[in-house]
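Undergrad: my questions concern the predicted model and sequence given below.
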4 protein chains.
Amino acid sequence: MQIAVIGSGVEWAADAAEVGRLLAERGCVVVCGGLGEVMEASARGAKEAGGTTVGILPGESARDANRWIDFAVATGTGHARNLAVVASCEAAVAVGGRWGTAAEISYARVLGRPVVVLGQGPGIEGEGIEHASTPAEAVELALGLAGAR
Amino acid sequence: MQIAVIGSGVEWAADAAEVGRLLAERGCVVVCGGLGEVMEASARGAKEAGGTTVGILPGESARDANRWIDFAVATGTGHARNLAVVASCEAAVAVGGRWGTAAEISYARVLGRPVVVLGQGPGIEGEGIEHASTPAEAVELALGLAGAR
Amino acid sequence: MQIAVIGSGVEWAADAAEVGRLLAERGCVVVCGGLGEVMEASARGAKEAGGTTVGILPGESARDANRWIDFAVATGTGHARNLAVVASCEAAVAVGGRWGTAAEISYARVLGRPVVVLGQGPGIEGEGIEHASTPAEAVELALGLAGAR
Amino acid sequence: MQIAVIGSGVEWAADAAEVGRLLAERGCVVVCGGLGEVMEASARGAKEAGGTTVGILPGESARDANRWIDFAVATGTGHARNLAVVASCEAAVAVGGRWGTAAEISYARVLGRPVVVLGQGPGIEGEGIEHASTPAEAVELALGLAGAR
C-alpha cells in the first residue's frame, strides 16, 4: 500500500523520519515529493527500516531526487506534481508544511484520500482531515483510514 | 489587470455575479475555471457589465466553457488547472468553495498572490488570506492588494 | 474561432507575423505559447491587424508574456503547456519549430485537431498533418479544416 | 537505471514484452505509462524476468495500473503524463505507437533523452532518434546511448 508523507520544515525532520520508519515497518511504500526536508527525512526513515520509497518530483529529471529515493518520477509539471503525490496514495500523513502542503491536503480531499496531520499543520481543516500528536498515532490513524476506503 | 474569481456552490451565484460585475466595472479581466456555479456566475456578471472573461478549463476542449467565457484555455491537465487559474491572476477572490477552492487558495499563496475570501470560505487560513463580508468589500480589498504587489 | 500558431526559430518571424495577420483579418483569435520568436511574431502580426491574442505560458506568471499578448494564461506546468496550446484551438498552424513543436503537433493529433505545417516542419508526418508553402495557403487550409470539424 | 518503454498497439505486445524482459535482465527499472497494450506487455516482460516496473498514469488513482506494475504514480494530468514518462528515464524505447507515442518521443528530445524506435515508429524523425530492428538491438542501443549521457 502506497502512503504519502507530505510537509516541509527542517524542524520536522525527526518526526518525518519516524513516520517513514513506521510506515516501512508496516509494509507500506512511502511516496513523497522526492526533494529535501520532510520529503528527504521520511524517505530516509523508510529506507533505514528496509522499506521502499517513491519520489514524485516537480522537475524534469529523476536525478533531482534525494539519495533515499528508490524510484523517482520526474513529472516536469512544477507545483502540479502536488496533485500526483496525493493521487498516488491511499492516505497521506502531513508533517509540518505550509502552502504547498495545504495544496496537497486540499487535493487529497478533492480525490477522497484521508489525511492525518501530525501537529498543528498548515492551517487547513475539514472533513477527512484528522489530527495526531505522535508519529505512531499518525501512522496508525492513516493506515486505519486507508484500509477503510 | 487579471483577477481570478474562484469558488463553488450554487448558493453563491448571486455574490459571484456581483464580484464579476464589480471587477468588470473596475476594468479588470475576470479569470475563472470556465465551468459552472461560481465560475459561470462570475463570468456572467462580468459580461453583463461589459467586461471580458477568460476561462481556464480542466478538460481538452475550449468548447467546454460556459457561455459567458470570451477566451477559453483548455489545459487538458484536470485538477492541475487550479494552479493555472491562480498563476494567471494578480489577486484572487474566493466565493464559497470547498476542496478545489482550497487547492487554488493554497497555490495562490505558494505563488505569492493575495486572496480575499468572501464569507466563511473553504476552511483555510494564513498570511495573505483576507476576509470580506460583501462583494464590494472583497473587490476593493483584492484590487488594493493586487496593486501593492 | 481560436487558431493556434506554434513553432520556433527567429528565421520564421516574418512568416509567423503574416500568419498572425491573416488569421486576425479572418476574425480568428490567435492562440500561442506567449513567449518569443514565432510566438511573439504571430501575436504581433495579429495585433497589428487589429486582432486578439491569447498566450499560454509554461511559467507561473502572466507577466512573462510578450508585449503582443492580450490575455495570458500562466499554466505553471512547464512543457505540459504544449498540450494546453493545442487543446485550446480548433486547428493549428506550425511555422518552423523543433521538438517542442513536434510535441504540440503530436498532441493536436491525439486530440483530433488538424495541423497545417508551413514549410518543412519539425519532422513529423501523418494523417491530419497538411503542408502549405505560403502563409496565405496555410491560413486558408487551417480554416477550412477547422470549419470541417 | 530507469528506461522507458513507450508505444501502443496490440500487435506489438510480443516485442514489447521482449524489450521489458531484456531491460530487466540488464538490471534496468522499466518505466511505462502503466496501462494496456505495449505498456502492459513491457511491464509483464520485465516482471517475468524478475525485474521492477514503474507505471506513470494519466488518471487520479494508482489502482488504474495494470497488474504488472510494482509502483504506480497517478499524475492526474491526463496526456501531460507523457512528459513525466520520458522525464523519468535515461533513454526510451518506442515500440509501435501513434500520436501519443510521438508526443513522448518529442518530449524526450526536448529533454535530451535518446530514443530508440523498434520498427517503423509513429512517423517522427530527427537527431537523437535511432532505429532498431529487433528487441535485443533496441535494448543494446538504448543502454549504450543512456550510458553516454
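TA: Perfect, thanks for sending it.
Undergrad: what does chain A have sitting close to chain D?
TA: Contacts of chain A with chain D, taken as Cβ under 8 Å from any Cβ of the partner chain, map to A:2, A:29, A:31, A:52, A:54, A:56, A:59-62, A:71-77, A:80-81, A:83-84, A:87-89, A:107, A:111. To be clear about C-beta, it is placed using only N, CA and C from the backbone, and glycine gets the same treatment.
Undergrad: near chain C, which residues of chain A show up?
TA: Proximity of chain A to chain C, by Cβ under 8 Å from any Cβ, involves residues A:60, A:76, A:77, A:78, A:79, A:80.
Undergrad: the residues you listed also near chain B: which ones?
TA: Answer for the residues of chain A next to chain C near chain B (Cβ under 8 Å from any Cβ): A:77, A:78, A:79, A:80.
Undergrad: may I see the residues of chain A next to chain C organised as TSV, with secondary structure, neighbour count and distance to residue A:132 added?
TA: Listed next are these as TSV, based on DSSP: H, G, I helix; E, B strand; the rest coil; neighbours: other Cβ atoms under 10 Å in any protein chain shown; distance: Cβ to Cβ, whole Å:
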residue	secondary structure	neighbour count	distance to residue A:132
A:60	coil	24	35
A:76	coil	31	34
A:77	coil	33	30
A:78	helix	22	30
A:79	helix	23	26
A:80	helix	31	28
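Undergrad: what's the distance between residue A:37 and chain D?
TA: Applying Cβ to the nearest Cβ, to the nearest Å, the value for residue A:37 to chain D is 21 Å.
Undergrad: what residues does that residue make contact with?
TA: A:7, A:8, A:9, A:10, A:12, A:13, A:16 (Cβ atoms under 8 Å, 6 or more residues apart in numbering or on different chains).
Undergrad: just the buried subset of these, please.
TA: A:7, A:8, A:9, A:12, A:13, A:16 (16 or more other Cβ atoms under 10 Å in any protein chain shown).
Undergrad: nearest to chain D among those residues?
TA: Chain D lies nearest to residue A:7 out of the buried ones among the contacts of residue A:37, by Cβ to the nearest Cβ, at 19.0 Å.
Undergrad: one step back: which of the contacts of residue A:37 lies closest to chain C?
TA: residue A:8 (18.2 Å).
Undergrad: got a list of what that closest one touches?
TA: Residue A:8 neighbours (Cβ under 8 Å, 6+ apart): A:37, A:38, A:39, A:96, A:97, A:98, A:100, A:101.
Undergrad: try it again at 7 Å.
TA: A:37, A:38, A:96, A:97, A:98, A:100, A:101 (Cβ atoms under 7 Å, 6 or more residues apart in numbering or on different chains).
Undergrad: the last one contacts residue A:7, correct?
TA: By that I understand residue A:101. Yes. Using Cβ atoms under 7 Å, residue A:101 is in contact with residue A:7, at 5.2 Å.
Undergrad: shared neighbours of these two, anything?
TA: Residues touching both residue A:101 and residue A:7 by Cβ under 7 Å, 6+ apart: residue A:94.
Undergrad: quick revisit: reformat the contacts of residue A:37 as CSV; add secondary structure and pLDDT.
TA: What follows is the contacts of residue A:37, written out as CSV (DSSP: H, G, I helix; E, B strand; the rest coil; pLDDT from 0 to 100):
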residue, secondary structure, pLDDT
A:7, strand, 98
A:8, strand, 97
A:9, coil, 95
A:10, helix, 95
A:12, helix, 97
A:13, helix, 97
A:16, helix, 98
